[in-house]
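Novice: Quick one, structure for this:
(2 chains)
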Amino acid sequence: EAGVTQFPSHSVIEKGQTVTLRCDPISGHDNLYWYRRVMGKEIKFLLHFVKESKQDESGMPNNRFLAERTGGTYSTLKVQPAELEDSGVYFCASSFRTGGWGNEQFFGPGTRLTVL
Amino acid sequence: AQSVTQLGSHVSVSEGALVLLRCNYSSSVPPYLFWYVQYPNQGLQLLLKYTTGATLVKGINGFEAEFKKSETSFHLTKPSAHMSDAAEYFCAVSPNSGGSNYKLTFGKGTLLTVNP
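Specialist: Now for the predicted structure:
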């Protein structure tokens, strides 16, 4: 069974540019999450999808970040325009359920974003 | 609000020695508790978790952790370190009830180095 995959693995862009990160969850997992780790800090929750619906986007830093999950399969996270403080590792995770059995979140390897 | 403190951003042990990675949490009620491991170029992998029941939890690769409510701790141990244990370890919590029990709050991580 394929795990959570993320593309690209690394992205280097200049301040003001746009970047789109992609996450493909484990097949059959309705729940998809985005997290971010800024250098030297904790991994922080960004948002949660159930199928194509955003259930919780309380962790999104500002309106420069836009997450989508059209069709309830893969998800994209767009940063437009990117700022220096957006640099970090962006993790995607998916789970079958949110509570009880099957709620384990499986993480992808992350996308390392560097904004120059 | 919940928070997680991992004591020691970097721990170094000799092969065969005891591994002890410390984690303390702050929460108004006992949360669910997790330890994740990240090997180089891989996603976070769940080592073990505590939800209810026995406070000593056994995980994969010989790791275990004990939930101590009175100390608000969930330290991770392994009796004998192996070279393959070198990785970054993250302690995390989530609410044990309510609508946001999927939302993981992470510590800053502890990088474990194993010396031959």
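
Novice: CA atoms for contacts and neighbours, from now on please.
Specialist: OK.

Novice: What segments of chain A are strands?
Specialist: A:5-7, A:10-13, A:19-24, A:31-37, A:43-50, A:53-56, A:65-68, A:75-79, A:88-95, A:106-107, A:111-115 (DSSP state E).

Novice: ugh, typo on my part, it should be chain B
Specialist: Counting by DSSP E, one finds strands in chain B at the ranges B:3-7, B:10-14, B:19-26, B:32-38, B:44-50, B:56-58, B:64-68, B:73-78, B:87-94, B:105-106, B:110-115.

Novice: Nearest residue to the residue in chain B that chain A sits nearest to in space, please, no chain neighbours.
Specialist: Across chain B, no residue is closer to chain A than residue B:43, which sits at 3.6 Å (CA to the nearest CA). Of all residues not flanking residue B:43 in the chain, residue A:109 sits nearest, at 3.6 Å (CA to CA, 6 or more residues apart in numbering or on different chains).

Novice: who in chain A is up against chain B?
Specialist: A:40-45, A:98-99, A:103-104, A:106-110 (CA under 8 Å from any CA of the partner chain).

Novice: Could you list the low-confidence segments of chain B?
Specialist: Applying pLDDT under 70 to chain B flags residues B:98-99.

Novice: now the strands of chain A in CSV, with mean pLDDT and mean neighbour count?
Specialist: Formatted as CSV, the strands of chain A follow (pLDDT from 0 to 100; neighbours: other CA atoms under 10 Å in any protein chain shown):
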stretch, mean pLDDT, mean neighbour count
strand A:5-7, 96, 21
strand A:10-13, 97, 14
strand A:19-24, 98, 21
strand A:31-37, 96, 25
strand A:43-50, 95, 22
strand A:53-56, 93, 16
strand A:65-68, 97, 17
strand A:75-79, 98, 20
strand A:88-95, 96, 26
strand A:106-107, 92, 24
strand A:111-115, 97, 20
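
Novice: what's the spacing between the spatially most central residue of chain A and chain B?
Specialist: Centroid-nearest residue in chain A: residue A:34, 3.2 Å away (criterion: CA atoms, centre = their mean). Separation of residue A:34 from chain B (CA to the nearest CA, to the nearest Å): 10 Å.

Novice: For that residue, list each beta-bridge partner.
Specialist: Bridge pairing for residue A:34 (DSSP bridges) gives the partners residue A:47, residue A:92.

Novice: Now do the same contact list for it.
Specialist: With contacts taken as CA atoms under 8 Å, 6 or more residues apart in numbering or on different chains, residue A:34 has the following neighbours: A:45-48, A:90-93.

Novice: ok, now residue B:71?
Specialist: residue B:24.

Novice: quick one: it from residue B:25, how far?
Specialist: Distance of residue B:71 to residue B:25, given as CA to CA, to the nearest Å: 9 Å.

Novice: One more: residue B:86?
Specialist: In terms of CA to CA, residue B:86 sits 24 Å off from residue B:25.

Novice: neighbour-wise, which of the two wins?
Specialist: residue B:25 (24 against 20; other CA atoms under 10 Å in any protein chain shown).

Novice: and residue A:31, what does it touch?
Specialist: A:48-51, A:94-98.

Novice: meant to ask about residue A:107, not that
Specialist: Listed by CA under 8 Å, 6+ apart, the contact partners of residue A:107 are A:3-4, A:91-94, B:43-45.

Novice: Dig out what it forms beta bridges with.
Specialist: residue A:93.

Novice: Kindly provide the distance from it to residue A:73.
Specialist: For residue A:107, the distance to residue A:73 equals 16 Å [CA to CA].

Novice: what's the answer for residue B:7, then?
Specialist: 38 Å.
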